[in-house]
Each structure stands twice: as structure tokens, then as C-alpha cells.
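Trainee: Quick one: sequence and predicted model below, then my questions.
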Amino acid sequence: MSSFGGTSLFEAQILPRPGRILFAFAMFKGARRRLKEIDLTMTESLPGALKRRSKQVAKRLIGYDSRNWLRIRQIEAFTAFLEADGRKSSDVVEISPGWNRHWKTMCSNYTSVDFPDFDICKDRTDRQYSVVIADQVLEHVQRPFAAAQNIHAMTRPGGWAMVATPFLFRVHARPHDYNRWTPAGLKQLLVEGGFPESGIEVFGWGNRACAKAHIGGPVRAYGLWRDLSNDEEYPLMVWAFARKPG
């Protein structure tokens, strides 16, 4: 078990938050001091790796959240939705998850379809699902109306579509970036895709501080204690839950 100053990492993790912060700072300073003592004839990769590891441990101890600030409330909402009524145990399909494995980890009966082998603008799965997830997908599709229709077709009667997409966010072409919607705009897209208006709940989250951070700001991670208040005039992230009548 690693330790610093007689305090182990396990012991540090159960300290009150101020104590964890002080411990992490002391450990990081100690790691930097030790790096200076390493023989300069060694390659730079080892000191660099040790420095990165020290930062990772320090962040973990103080509860640093590396997730994107603008996605915190949306991830919380999706998590709560899947937890409710046993949805995470139902049959779930995710469209183009990319590097994101959060919903795969959470859902026990999960499958995914990935671009370019599966293009939601023109393709549909052979079967329907109780939950269809399109998380950070629709901004990248060339024909969003067709995509919404296919999401509706893939949703089982009585099932749900979970859709999230950014609004106030930089262009991120992966491989393309075509669209943005306000909460009202996303709801209208899903209505035109076939979901009844009465079965759609839409949400938006954002504030000026988070918007500034994403327009040339140095830090976009949630980090520690950043402002999670919502200003409806600055929706950075927009999401919806749409039910297909059973």
C-alpha cells in the first residue's frame, strides 16, 4: 500500500474532504521533489509517467470529476431514467456510442450499432428495442429527420428513445458536424420523426460560466464544485425522453 508521511492512500480516502485535499497536495509536492532526484541520464518517459500518475491519484483523492462540465446534468438524467422502472435491465440499443462506454457498463442487455457500418440516416435494426439511445449523435447526421424516423421505427411500442445533443458548443466534426437544436427544436424533430408530442419530455442545461469555459476557456472538465445552476437562456446541452405508444 502506497503511503506518504505515514498516511496510506486508503486512510487518505476516508479523511474529510479538506484533509484529502491537503494530503493530495503534500503527496504531489513530494512526488515532484522525488522526480528531481532521479538520475538525469534516464529517459524522460519515466519522470513524465510518474508525474501524470501523481496527478491522477491526487485528483481521485479530492474527488476531481474529469467529465465534461456541460454533460454532468444530462448524464445524471440519463442514469436516473435508466435506473427507474428497471429500464437498465431491459433490451437496450445504443446508436454510435464511439468511445463512450457508460451506458454499456450500466445496462445488462445492451447492444450497439456503429457508424459507418450502420448509418442511422438510412439504416434500421432488424428488431425493435425497449430503449434506444442516441447520445451525442444527431448533431453529426446529415439528415436528422430521417434519423428521427429510424429511431422511432427501432423503438418498441411502449418503449423509449433517449436523445442528447449539444446546443451552445463548438463545431466538432467527428467526422461531420451539421446541426444544433434548442429544447423546443429537439422536441419538434422527434414529433416529426413519429413520436407523439404528449409523450416527449425535453430538457436543457447550461449557464454563462460553462459557456465561457467552452468558448476559449482553459478548463472544460467539471472538476471541483463548478456551478451547476441552470440558465434557460444558455442551454449548452439538450436532451429528451420520447415514448412510443404501446
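Mentor: Okay, I see it. All of these numbers come straight from a predicted model, not from anything done at the bench.
Trainee: and the protein, what are its domains?
Mentor: Annotated domains of the chain cover 3-63, 68-243 [automatic domain parsing].
Trainee: For these, state which one has the densest average packing.
Mentor: Mean neighbours per residue, mean count of other C-beta atoms under 10 Å, is largest over these for domain 68-243, with a mean of 17. To be clear about C-beta, it is placed using only N, CA and C from the backbone, and glycine gets the same treatment.
Trainee: Need the distance between the two termini of it.
Mentor: 28 Å (C-alpha to C-alpha, to the nearest Å).
Trainee: Now do that domain: distance to the chain's middle.
Mentor: 10 Å (C-alpha atoms, centre = their mean, to the nearest Å).
Trainee: Any stretches of this protein with poor pLDDT?
Mentor: Across the chain, the ranges flagged by pLDDT under 70 are 1-44, 46-47, 49-65, 217-219, 222-224.
Trainee: all helices for it, in order.
Mentor: 9-13, 17-37, 45-62, 72-83, 102-106, 144-154, 183-193, 208-213 (DSSP state H).
Trainee: Give the full set of residues in contact with residue 215.
Mentor: residue 170 (C-beta atoms under 8 Å, 6 or more residues apart in numbering).
Trainee: how close does it sit to residue 206?
Mentor: Here residue 215 is placed at a distance of 12 Å from residue 206 (C-beta to C-beta, to the nearest Å).
Trainee: Then residue 135?
Mentor: 17 Å.
Trainee: Residue 156 now?
Mentor: 32 Å.
Trainee: doesn't residue 232 make contact with residue 167?
Mentor: No - with contact defined as C-beta atoms under 8 Å, residue 167 does not reach residue 232; the gap is 11.5 Å.
Trainee: what's the overlap in contacts for those two?
Mentor: residue 204.
Trainee: Check the gap between residue 48 and residue 240 for me.
Mentor: 43 Å.
Trainee: just residue 117 next, same as before
Mentor: Distance from residue 117 to residue 240, by C-beta to C-beta: 26 Å.
Trainee: cool, residue 246 as well?
Mentor: Taken as C-beta to C-beta, the span from residue 246 to residue 240 is 19 Å.
Trainee: Repeat that for residue 130.
Mentor: Taken as C-beta to C-beta, the span from residue 130 to residue 240 is 17 Å.
Trainee: check contacts around the nearest residue to residue 164 once chain neighbours are set aside.
Mentor: Leaving out its chain neighbours, the residue that sits closest to residue 164 by C-beta to C-beta, 6 or more residues apart in numbering is residue 239, at 3.9 Å. Residue 239 is in contact with 74, 77-78, 162-165, 186, 202-204, counting by C-beta under 8 Å, 6+ apart.
Trainee: how does it look with 10 Å?
Mentor: In this structure, residue 239 makes contact with 71, 73-75, 77-78, 81, 134-136, 162-166, 183, 186, 201-205, judged by C-beta atoms under 10 Å, 6 or more residues apart in numbering.
Trainee: Setting aside sequence-adjacent positions, which residue approaches residue 109 most closely?
Mentor: residue 91 (5.0 Å).
Trainee: To clarify, my last question referred to residue 128.
Mentor: Nearest one to residue 128, counting by C-beta to C-beta, 6+ apart, is residue 156 at 4.1 Å.
Trainee: So the one you found is in contact with residue 91, correct?
Mentor: Yes - look at residue 156 against residue 91 with C-beta atoms under 10 Å: they come within range, at 7.9 Å.
Trainee: Now list whatever residues contact both of these two.
Mentor: 127-132.
Trainee: with those in mind, which one is nearest to residue 107?
Mentor: Of all those, residue 131 has the smallest distance to residue 107: 7.8 Å, by C-beta to C-beta.
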